[in-house]
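Participant: Need a 3D model of the following:
(one chain, ligands or ions: 1)
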Amino acid sequence: MSPLIEAHGLTRILQETVPVTLVKDIDLTIGEGEFVAVTGLSGSGKSSLLYLLGLLDRPTRGMLRVRGRDTEPMSETSRAETRLSTMGFVFQFHFLLPEFTARENVEIPMRKVARLGRDEMRARATELLSSLGLVDHLDKRPDQLSGGQRQRVAVARALANDPPLILADEPTGSLDSTSSEQVFAILDGLVRERGKTVVAVTHDFGMAARMDRRIHLVDGEVSKEE
Ligand SMILES: Nc1ncnc2c1ncn2[C@@H]1O[C@H](COP(=O)(O)OP(=O)(O)OP(=O)(O)O)[C@@H](O)[C@H]1O
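Facilitator: Next comes the predicted model:
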C-alpha cells in the first residue's frame with residue numbers, strides 16, 4: 001500500500017519584494033498509524049509545512065503525493081475532496097462555529113460529504129463526542145465549554161468523516177497542563193487504538209519525545225529526524 005504522505009524536495013517560496021522561503025527541500029514519508037511531531041523554533045516553517053501537507057497551500061516546487069496520488073495536477077475541487085476524505089485538522093484555536101452546538105459543529109463536515117442521512121450524522125457526532133468524554137455537553141455552544149472541552153470538540157470534528165490522517169497545529173498550545181494532557185492522550189489513543197496517523201506541530205519537546213517520530217525544522221529545512 002502507498003504511504004499516506006510522500007514529499008520530495010517540497011519547497012514553498014513566497015514571492016514578496018524579497019522572496020521568503022518558508023520551507024525548503026523537504027523529503028518526507030509518513031505511513032499509516034504513525035504519531036509524528038514537527039518541532040522547531042518559532043518561524044522555522046512548521047505551520048507552513050503542515051499547510052502544504054494538508055493541501056491548504058501549494059508548493060513552489062517539489063512533489064507531494066497523498067495516498068500515492070500526485071497532488072500537483074489536482075484541481076481545487078479535487079484537492080478539497082482529498083482533504084475532506086483523507087484529513088482532519090486541529091488548530092491551536094478551536095475555530096468552532098460559535099452559534100452552533102458541539103454536536104452541530106461535528107456534523108458540519110459530514111454534511112459536505114453527504115454520505116450519511118440526518119439521523120446517522122447525529123448519531124455519529126454523538127458517538128464521537130461521547131468517546132472523547134463530552135456526552136454531557138452535546139448541546140452546549142462553544143462559549144459554554146472550557147478551553148479543553150472546546151479542543152476536544154475540535155478533535156471530534158476533525159474525525160467527523162473518519163479520515164486516516166489528523167494534522168494538528170499546536171493542538172495543546174493554548175491549554176492548561178491538565179487539558180493539554182487530556183488532548184495529548186486523545187491524539188495518542190487515535191494512533192494506538194484507531195490506527196490513525198497524527199502529525200502534530202508542537203513547541204513542547206516533552207510531548208514530542210512521547211511521539212513515534214520527530215521532524216525538527218531549522219529555517220524551513222529538516223535539520224534532524226529521529
Ligand atoms: N504570508 C507571509 N508573509 C511573509 N512571511 C511569512 C508569511 N507566512 C509566514 N512567513 C514567515 O515564514 C516563516 C515560517 O513561518 P511558519 O508560520 O511556518 O513558522 P512556525 O514554525 O509555524 O512558527 P510558529 O511556531 O511561530 O507558529 C516565518 O519566518 C514567518 O515569519
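Participant: Show me what secondary structure element comes after the longest helix seen in the chain.
Facilitator: In the chain, assigned by DSSP state H, the helix with the most residues is helix 177-194. Counting by DSSP states H and E, the next helix or strand C-terminal to helix 177-194 is strand 197-201.
Participant: would you put the C-alpha positions of that next one in PDB?
Facilitator: Below are the C-alpha coordinates for strand 197-201, written out as PDB (Å, rounded to 0.1, in the frame of the first residue of the first chain):
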ATOM      1  CA  THR A 197      -1.900   8.900  11.600                       C
ATOM      2  CA  VAL A 198      -1.300  12.100  13.600                       C
ATOM      3  CA  VAL A 199       1.100  14.800  12.500                       C
ATOM      4  CA  ALA A 200       1.300  17.400  15.200                       C
ATOM      5  CA  VAL A 201       3.300  20.700  15.300                       C
END
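Participant: That strand: how far from the chain's middle?
Facilitator: 6 Å (C-alpha atoms, centre = their mean, to the nearest Å).
Participant: what residues does it touch?
Facilitator: Contacts of strand 197-201 with the rest of the structure, by C-beta atoms under 8 Å, 6 or more residues apart in numbering, involve 4-5, 30-39, 46-47, 50, 53, 164-171, 187, 190-191, 207, 211. In short, each C-beta sits where N, CA and C put it, glycine included.
Participant: try 7 Å this time
Facilitator: 4, 30, 32-38, 46-47, 50, 53, 164-171, 187, 190-191 (C-beta atoms under 7 Å, 6 or more residues apart in numbering).
Participant: Take these and keep only those in helices.
Facilitator: Short answer: the contacts of strand 197-201 in helices (DSSP H) are 46-47, 50, 53, 187, 190-191.
Participant: which one among those gets closest to Gln15?
Facilitator: Ser47 (18.9 Å; C-beta to C-beta).
Participant: any idea how far the closest one lies from the ligand?
Facilitator: 3 Å (C-beta to the nearest ligand atom, to the nearest Å).
Participant: Gly189 too?
Facilitator: For Gly189, the distance to the ligand - C-beta to the nearest ligand atom - is 25 Å.
Participant: At which residues are the helices of this protein located?
Facilitator: Using DSSP H, helices in the chain cover 46-53, 76-86, 102-113, 118-131, 147-158, 177-194, 205-209.
Participant: packing partners for the fifth one?
Facilitator: So the one you mean is helix 147-158. strand 87-90, helix 102-113, helix 118-131, helix 177-194 (3 or more C-beta pairs under 7 Å, 6 or more residues apart in numbering; DSSP states H and E).
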